[in-house]
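Trainee: Dropping the sequence and predicted coords here.
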Amino acid sequence: MHVGSLLALGPGLGAGPKTGDLYLWTIEQAAQRSGIQLAATCSPLMHTRLAKPILDTLTAVRHGCTEDAGGRRYPKDHNYLRGRAMLMREFPEERLRETVAIGARCAFSLE
């Protein structure tokens with residue numbers, strides 16, 4: 001069984017150190033050696049970046065502290081759903097294709 005057919009790696013936007021090129025190169029090399037496909041992901045935690053104050057509040061509650069006293073704000077505001085045009089600017093085409101292929105293999109129903 002080919003591992004890549006069941007597993008994909010999605011390095012999100014803003015992930016890794018400031019030497020992003022080295023970080024992404026390392027992930028690409030590991031994926032290639034392992035036969036794992038790379039997918040596009042923003043690791044969305046909110047529907048819009050305007051919801052970040054809610055995310056910060058929920059994060060503080062989860063940690064049992066206030067936002068100010070505990071310093072438990074979620075560190076970045078880029079974890080929101082994006083439209084297709086923005087994704088096309090932010091990710092290579094092959095990662096977007098893999099993401100669409102993963103979505104096509106998923107089944108979801110509320111029934």
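Mentor: Structure's in. What do you need? Numbering: from 1, shown residues only.
Trainee: What's the first helix or strand after the lowest-mean-pLDDT helix or strand in the chain?
Mentor: Within the chain, confidence by mean pLDDT, DSSP states H and E is lowest for helix 67-70 among all helices and strands, at a mean of 65. Reading on from helix 67-70 to the C-terminus, the next helix or strand found by DSSP states H and E is helix 84-90.
Trainee: Name the residues of that following helix that are buried.
Mentor: Neighbour-count burial for helix 84-90, with 16 or more other C-beta atoms under 10 Å as criterion, is recorded at Leu87. Heads up, the C-betas are built off the backbone N, CA and C, glycines and all.
Trainee: Ok, stretch 52-65 next?
Mentor: Going by neighbour count (16+ other C-beta under 10 Å), the buried part of stretch 52-65 is 52, 55-56, 59-60.
Trainee: And the pLDDT for the residue nearest the centre of the chain?
Mentor: Compute the mean C-alpha point of the chain, and by C-alpha atoms, centre = their mean the closest residue is Ser43, 2.5 Å away. The predicted structure scores Ser43 at 78 on the pLDDT scale.
Trainee: With Leu50 instead?
Mentor: Among the per-residue scores, Leu50 shows a pLDDT of 89.
Trainee: Can you report phi and psi for it?
Mentor: Main-chain dihedrals, Leu50, degrees, to the nearest 10: phi -70, psi -20.
Trainee: Enumerate every residue touching Thr48.
Mentor: With contacts defined as C-beta atoms under 8 Å, 6 or more residues apart in numbering, Thr48 is in contact with 80-81.
Trainee: Relative to Arg82, how far out is it?
Mentor: Distance of Thr48 to Arg82, given as C-beta to C-beta, to the nearest Å: 10 Å.
Trainee: Show me where the protein dips below the pLDDT cut-off.
Mentor: Within the chain, the ranges that satisfy pLDDT under 70 run 1-7, 11-20, 69-75.
Trainee: For it, which segments are assigned as strands?
Mentor: 8-9, 37-38 (DSSP state E).
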